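*Asks:* Got a predicted structure plus its sequence, pasted below:
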Amino acid sequence: MQAEERTEAKATVETICGLPVDRAILFADKKGIYRPRIEKGRTKLLQNLGFLSRFLDTDEKILLVTTGCSPFTTFEELTIGGAWVVAVKRALFVFTHKRLFHIPATSSFKYRGSIAQVLYQDCARLRVKGSALIAEYHNGRKEKFLFIPRGDRAIIERFAIEPNESDRPSENPQRNHLCPCCTQILPASVEACPACGQQFKTRAKALKYSLLIPGGGYFYTNHLWMGLADALAETYLLVATVVAFAMALRGNAEAWPAAIIFAFVSVLEKALTVHHSNSFLAEFIPDDLKSHLGNQPPRAEPGRAPSTEDRGPRNQAPPRGRPVLAVSWPHFTVNGGRLARAGPIKDFPHFGRIRRRGGQSNSRARGEGGQPRE
Ligand SMILES: [Zn+2]
């Protein structure tokens, strides 16, 4: 019986786009039924995430990849605009059986060079409310990731992520940004990775470019369209301010209020650019983004195994966090071509093996290049 279960569980773990995934969960809908449409959509998202293989620990499998937004404040929503903020804060979310990866993305779901993780053991609760995924951390902070698709919210709810009583939070129980080069956790507000020296874009430079160039802060943080829109608005305000002041100085007293208002709005607009730029910089954007993205593995084809090049020379990161946290994770079994829900995670041979023989499974070396991991 045990042997049969093991074979069945093993069969659901595959390497897709160079990433180890549990396809029985990844390609199933909220009822646990396999859907070709879901397979197509998720595979398309995974094609942009080949770089993620270096961040995964041995035995860590991807269970779900979905879309949504990075956390944003009401102030940002009001000043950027409702529709724009959704595009600007677009992100991908990757659930493994151990943590949630938060990956800021472009409007076409491409990697921006930044990545963060939420270890389940750092969450007092990770729940779905409305369109939001809400992480409540052990340090008392709370973060909202909005606009998670409806079907995926139901799947996340079914995961029922709960910490084990024996699991202790990590040193920084919150969302932690990771170095995109060496995968180590980055301390808050550093300008370079303490482990590998990777430089990140800085607030000082964002301020300089924001002040000197219309839309400069947005261009510096790689937000081209916001930069263009801002440059147009800023140029208009600058011209209007100069014209109004010129008229006022030539003796047209009625031009003074307009001149003062235009000048005030110009200053306000610059301040907003700086504020928004700093918010983007909080995600740690590599200074040499183009060469950094150029070093990423090319867009992965489904079924392609990870190559040694994908892992790079600096990717010998030690495992982070505890092996497996969830205790009531539902899983799916193949039942006459239909995936049906079965018992909790502790009964699932694959996960169970990690839990029961944690030391053994985790000491196994990472799969060698070209060898799909089991
Ligand atoms: Zn680093």
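*Replies:* Okay, I see it. Numbering: from 1, shown residues only.

*Asks:* what does the stretch 251-374 of the chain have sitting close to the ion?
*Replies:* Counting by Cβ under 5 Å from the ion, none of the residues of the stretch 251-374 of the chain come close to the ion. From N, CA and C alone the C-beta is placed, and that goes for glycine too.

*Asks:* how about residue 127, secondary structure?
*Replies:* Reducing the assignment at residue 127 to three states with DSSP: H, G, I helix; E, B strand; the rest coil gives strand.

*Asks:* Could you count how many residues lie near the residue nearest to it when sequence neighbours are not counted?
*Replies:* For residue 127, the nearest residue in space outside its immediate sequence neighbours is residue 134; the separation is 5.4 Å by Cβ to Cβ, 6 or more residues apart in numbering. The number of residues packed near residue 134 is 16, by other Cβ atoms under 10 Å.

*Asks:* and if you look at residue 261?
*Replies:* By the measure other Cβ under 10 Å, the count of residues near residue 261 is 13.

*Asks:* Now do the contacts for it.
*Replies:* With contacts defined as Cβ atoms under 8 Å, 6 or more residues apart in numbering, residue 261 has no neighbours.

*Asks:* And it, how close does it get to the ion?
*Replies:* Summarising the geometry, the distance separating residue 261 from the ion, computed by Cβ to the ion, to the nearest Å, is 47 Å.

*Asks:* okay, that residue: pLDDT?
*Replies:* Looking at residue 261, its pLDDT reads 94.

*Asks:* again with residue 180
*Replies:* What the model reports as pLDDT for residue 180 is 94.

*Asks:* Isn't it up against residue 113?
*Replies:* Yes - taking Cβ atoms under 8 Å as the contact criterion, residue 180 and residue 113 are neighbours in contact, 5.5 Å apart.

*Asks:* Of those two, give the one with the bigger neighbour count.
*Replies:* The residue with the greater number of neighbours, taking residue 180 and residue 113 and applying other Cβ under 10 Å, is residue 180; the counts read 28 against 24.

*Asks:* Torsion angles phi and psi at that one?
*Replies:* Residue 180 adopts backbone torsions of phi -70, psi -10, taken as degrees, to the nearest 10.

*Asks:* quick one: contacts for it?
*Replies:* Residue 180 makes contacts with 51, 113-115, 198, 284, 286, 292, as judged by Cβ under 8 Å, 6+ apart.

*Asks:* name the element the residue nearest to residue 127 belongs to?
*Replies:* In this assignment (DSSP states H and E), residue 134 forms part of strand 132-137.

*Asks:* Ok, residue 116 next?
*Replies:* Element membership of residue 116, judged by DSSP H and E, is strand 115-119.

*Asks:* Now do the helices in the protein.
*Replies:* Along the chain, the segments classed as helices by DSSP state H run 2-11, 23-26, 36-46, 74-80, 82-88, 150-159, 203-212, 216-220, 224-249, 255-281, 289-294, 308-311, 349-356, 358-363.

*Asks:* ranking those helices by mean pLDDT, which is last?
*Replies:* When those are compared on mean pLDDT, helix 349-356 scores lowest, with a mean of 31.

*Asks:* Burial check on residue 150, number of neighbours?
*Replies:* When counting by other Cβ under 10 Å, one arrives at 8 neighbours for residue 150.

*Asks:* leaving aside the residues next to it on the chain, what's closest to it?
*Replies:* Closest residue in space to residue 150, ignoring its immediate chain neighbours: residue 131 at 7.7 Å, by Cβ to Cβ, 6+ apart.

*Asks:* So what does the residue in the chain sticking out farthest from the centre have for phi and psi?
*Replies:* The C-alpha centroid of the chain is most remote from residue 251, which lies 56.5 Å away (Cα atoms, centre = their mean). Phi and psi for residue 251, reported as degrees, to the nearest 10, are phi 110, psi 0.
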